[in-house]
Every structure is written in structure tokens, then in C-alpha cells.
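1. what follows is a predicted protein model with its sequence.
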Amino acid sequence: MIAQDVASDSQRMREYCSRYPVDVLKIVPSHLTALLDAGGGKDVLPRRYLVTGGEALTPALMEKIIAAGAGCEIVNHYGPTERRLVRLRCGSRITTGRARPRSRSRSAVRSRIPASMFSDANLEPVPIGVAGELYIGGAGVASGYLDQPALTAERFLSDPFGDDPDARMYRTGDLVRYRLDGNVEFLGRSDDQVKIRGYRVELGEVEAVLARHDSVKNAIVLARADEGGDKRLVAYVVGHGAACDPGALRTYLKSQLPDYMVPAAIIAIPRIPLNANGKVDRQALPVPEEAVSAKEENAGPRTPTEEVIAAIWQEVLRRHGLGVEEDFFEIGGHSLLATQIASRLREQFRIPIAVRMIFEAPTIAAMARRVDQARREEQGMVPPPVTPVPRDRPLPLSFAQERLWVLDTVDRGNSAYNVSRTLRMKGQLNVEALERTLNEIVRRHESQRTTFTMLDGHPVQVIAPVLTLSLPIHDVSEMDEAKREEEALRIVSGEAARPFDLEHGPLVRAQLVRLSGEHHVLQLTMHHIVSDAWSAGIFFRE
């Protein structure tokens, strides 16, 4: 078994096959298509036998294999879980330079199982050229489904074509027909079962899980083909009252279902459209692209790197107008498409990019940041890491701090670099707890306990081991309501204009204005030398 991180990455897969030449490779057609589309070429193909299974082998993929210069025989493996050791084999051997086989709309395979039957709903054999459902008997048929007697009775039937009265046959649900040349042509399914990237998916099972969510009133799941013919699951949900949140539903489904059963798109609709016969009108359901375009547009690419990545995404996903914050896996992306994305990013930017990066940075914006960082690393432009500095020595000022210190030295008492912010607080306020809170934040952050002094002719930072802030209260609640706001504004304006002493500190102050019993204004004032918008945001959040 080849590890998933190698098998899903065309570059690593090529390197693996180059180091360990492979004679026989068994792979799902959609997986092989992704590797070939990502530039794997002949390097990812085996030397002798290529065995495909799990889904139909298409003529388009056959053409890709030939174009890659394959010199192997292709074996189209058909093996439902319910009946093992089944093989319908492609009769042609493909070698490099041979004439290409005549293109067909569907792949024909030759049956190697005498116990296969093609019957109509009455279990009567159908003539050559007529579509029928495939039933498989003989050795290897399973006993049934565990703890599902109704489904077992539906799918595992008594075999009327053999001599053994206890013999059973499996009803596959696959529609096929015999051709005049004796080969079997696969036509599709007779039920709602679909194959997604080689995995069997029962649409009703996904619908049942969706219906269990509290916000979902009704749900229908379809397998829709995109422009390239690849199937993907699309869920349409009707909510109870308010519209369902597709993001929350996706998170819920991921906790209940394997990845391949989670719909690529979840679309909230007001009702399920019905036709004149009372059945679901599938033609009236919006396609995912239309549903996305109806939403508020996300921001488009803003940098050259984002533009390149967006162009690659649009080509691989066959989508246009993508926003830089849209999630790759929420707009139809999956692991096989991520293989192509990684390959094209490597080719475009000439840097090593692993498939896992798409999982770690699933938006264009996040991916662009990772790509830019990787490019800087390749060019040796990465700054040294930030490491803690010992506190047992004088600490120098940053360039920005030096500038502010010089300005303060030249013009003492200037409040131009005071940074004052106010926060209205409504409701019952525990003033004592608020004061303790402010002092705990000051204890946590050294910058709030820092002052600045001269040492040997140079300014240095001095971090106080302890600093206790007081919280004075200005009570204007007894004033007329019309004058309260005016007085509060006067108080906070005066505080904002009061200068700091950079040497003696403190360089952070707090005060509280009480407008009423349940309405206060908290004011925090700091000098810009110890605070900026980022750090102030942290202070308020804490």
C-alpha cells in the first residue's frame, strides 16, 4: 500500500515510482485522472498491468493513458463488495506507439464470470442489445447485510438459474446490456446509488443524516456532473422558518459521515420544487454556480500571487469569479482536485508545494500568504525568528519608540501621542472586579508596566515588576439626563489630553464615568510608545 500523502501528490508519486518501479498498479479511475492531469504522465503508470476499479473506466481516461505513452495492459476490474472475485476485463492491450482504439461513448468489457445474468424486473433473461439489471451468482456471494434483513431480502435473491436450491444471487443495481460481439456494456444505475471518486454513496443515507439536523425541514441530495463530467454531491435543504446555515450543516455532516459523502455544495432553498406528478422537479433546482453567484460577492484577488492562484482554482474547479476567502472544500474541491492545484502551483511558482498545504490553507488568501512565505524562504529573505530577550540587562528601544522618545524630550507635556479609547458598559457593573481585571491584564503584559529613562547617554526601557492601577470614578448620574453626556464628554476629553511622564509613568491610565446605575463609560488612555491599535485590541479583548 502506498501512503496517502504520496499517492495523492503527483510529484511524490512520480518520485516513488522512479525509485521503486511498479509492475502492477490498482487505482480508482478518478484518482488516476487527477494524477495524469497534474502532470504525472508515464511516470505514474505501471510497467505491466494497470488495474482500474471502483467506478467506470471512460474512453476519455483511456485516451489520457495512451497519450502518456503507456506500455501496460489495462484490466478493468468490476468487483462489488457483495460478491468478491468478480472481474470483467478489458480485452485490449495498450502499448506505446500503437494505434488508438476507436472511441466509444462507453467502455465495453468482456465477462469472465459464467454466473452473471442480465434480467428484467421479472428475472427473465433479456435479448442481446436490450438493457437489463445485472445479477451475479456463483461462489463468493455474501450472506447479506448485517442487521438489515429488509435490505438483504431486496438484494440477495434465490438463484433460479443453478442446480443448488440454496444458491443465492446478488442484485447489483447496475444496468448493462450484451452487445453483438459478446462484450458487456455498462449503462449506469437503476437506483440512487452513485460513485463519488470511487466510493459508493447512497443518496438517501446522506438525506437521512441531513433530515436529523434540528434546522432542516426537508432535504434532497443529487449527484450532479460538472463541466468536465466529474460527479459531485449537491444538497438542497429547506429550513424550519429561517434559512439553514450551509456552513453549520457542513460541520455537522463532517461529524456524521465520511469525507466523500459530504456534499460539495449545500444550497438553502425556500421549498423543494415539484412537477405536475408531485415528484421532485430536478430541472428547477439551482445549479451550485448560480446559487453562489446569487450571494454577496467575496473580495476578488488583491495581489499578483492571489491573481495567479485564483486563475488556477478557476481552471481546476471550472468556476469563475471566486472570492479570496472562499473555502476550497466548500465550493466543490476535494483531495483529487487538490492534487492538481498543488502541481500547478509548483509549476507556476517554482517552489516545493505539498498537497497538504491546500488542506492547511484552503482559501486563496491563506494560500497566497503561504506561497509568498515559501518564496521568501527560497530566496533567503526570511527574517530571523523572534526570540525572548533576557530581562537582566538594559533593554534598548525599538526605532519607533526612539522616535517617540525624542519627540517627547523636545516637547515635554505634548499629548499628541496619547491614545485614548472608551467603552460603554451597560448592565450591572462590579467595579471591584473591573479594577482587578485591569490590573491582571497589566500584570500579564510587560509593555503596560514599562517606562523610559537614560543610561550612559542612551534611552532604555525599564519594566516595573509590579504596577497597580487605580480606577477613579466620576459620577454624573445625579445630573439632568441631557447634561450627562456633555459632562462625560468633557471628562474623557480632559483625560485624553493629560500628558504622560515617560520616565516615571505609569503610561497607562483608566477611569470610569457613571452615567446611571447600569450605564458606565470606561476610558483607557495609553501613550503610543507602549501601545498601538493591535495591542489595544488585545487589551480590550482580554
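-> Cool, got the structure.
2. send the alpha carbons of stretch 150-168 over as CSV?
-> Listed in CSV are the C-alpha atoms of stretch 150-168, where the atom choice follows Å, rounded to 0.1, in the frame of the first residue of the first chain:
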residue,chain,number,x,y,z
ALA,A,150,-35.2,-5.9,4.7
LEU,A,151,-32.2,-4.7,2.5
THR,A,152,-30.9,-8.3,2.5
ALA,A,153,-34.2,-9.6,1.2
GLU,A,154,-34.3,-7.0,-1.5
ARG,A,155,-30.8,-7.5,-2.8
PHE,A,156,-29.9,-11.2,-2.2
LEU,A,157,-32.4,-13.5,-4.0
SER,A,158,-32.7,-17.2,-4.6
ASP,A,159,-30.8,-18.2,-7.7
PRO,A,160,-33.3,-19.8,-10.2
PHE,A,161,-30.6,-20.5,-12.8
GLY,A,162,-28.5,-23.0,-10.9
ASP,A,163,-28.9,-26.6,-9.6
ASP,A,164,-28.3,-25.7,-5.9
PRO,A,165,-31.6,-24.9,-4.3
ASP,A,166,-29.7,-22.8,-1.6
ALA,A,167,-27.8,-20.8,-4.1
ARG,A,168,-28.3,-17.1,-4.0
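3. all numbers from here: first residue = 598
-> Sure thing, new numbering starts at 598, so read that last one as stretch 747-765.
4. who's in contact with it?
-> Residues outside stretch 747-765 that contact it (C-beta atoms under 8 Å, 6 or more residues apart in numbering): 679, 712, 714, 720, 732, 734-735, 738-742, 766-768. Every residue, glycine included, has its C-beta placed from N, CA and C.
5. out of these, which are buried?
-> The neighbour-count test (16 or more other C-beta atoms under 10 Å) marks 679, 712, 714, 720, 732, 734-735, 738-739, 741, 766-768 as buried among these.
6. lowest-confidence entry in those residues?
-> Across the buried ones among the contacts of stretch 747-765, the bottom pLDDT score, 43, is held by A712.
7. restricted to strands, list the buried ones among the contacts of stretch 747-765.
-> Taking DSSP state E as the definition of strands, the buried ones among the contacts of stretch 747-765 contribute 714, 732, 766-768.
8. re earlier: closest to G977 out of the buried ones among the contacts of stretch 747-765?
-> E679 (58.4 Å; C-beta to C-beta).
9. separation between D1072 and E1082?
-> Per C-beta to C-beta, to the nearest Å, D1072 is found 14 Å from E1082.
10. same check, this time on P1103
-> Applying C-beta to C-beta, the value for P1103 to E1082 is 29 Å.
11. these two - which one has more neighbours?
-> P1103 (21 against 14; other C-beta atoms under 10 Å).
12. apart from its chain neighbours, what residue comes closest to the more buried one?
-> Of all residues not flanking P1103 in the chain, L1064 sits nearest, at 5.7 Å (C-beta to C-beta, 6 or more residues apart in numbering).
13. and the pLDDT at that neighbour?
-> 95.
14. equivalent analysis for M964, please.
-> Confidence score, pLDDT, at M964: 90.
15. isn't it up against E957?
-> No: look at M964 against E957 with C-beta atoms under 8 Å: they stay out of range, at 9.1 Å.
16. residues of the biggest helix by length in the chain that come out buried?
-> The residue-count maximum for a helix in the chain (DSSP state H) belongs to helix 1078-1094. Within helix 1078-1094, the residues scored as buried using 16+ other C-beta under 10 Å are 1081, 1085, 1088-1089, 1092-1093.
17. out of those residues, who's nearest E912?
-> Closest to E912 out of these is A1093 (53.9 Å), distances taken as C-beta to C-beta.
18. tell me who's in contact with the closest residue to that closest one other than its chain neighbours.
-> Sequence neighbours aside, S1017 is the residue nearest to A1093 in space, at 3.7 Å (criterion: C-beta to C-beta, 6+ apart). Contact analysis of S1017 by C-beta under 8 Å, 6+ apart lists 1089, 1092-1093, 1120-1123.
19. pick out the residue nearest the middle of this protein.
-> Per C-alpha atoms, centre = their mean, the C-alpha nearest to the average position across the chain is that of F926, at 3.6 Å.
20. hmm, back to that, isn't the residue nearest to P1103 right up against S1044?
-> No: if you go by C-beta under 8 Å, L1064 and S1044 don't touch, sitting 11.2 Å apart.
21. what residue ranges in this protein are flagged as low confidence?
-> Low-confidence segments of the chain, defined by pLDDT under 70: 636-637, 676, 681-718, 788-790, 794-795, 823-827, 838-840, 874-875, 885-895, 979.
22. I'd like the distance between E1092 and T1047.
-> E1092 is 21 Å from T1047, by C-beta to C-beta.
23. kindly report the same for A965.
-> 36 Å.
24. do A1085 as well
-> 30 Å.
25. and K639, by the same measure?
-> K639 is 64 Å from T1047, where distance means C-beta to C-beta.
26. next: Q745.
-> 69 Å.
27. likewise for E1032?
-> 21 Å.
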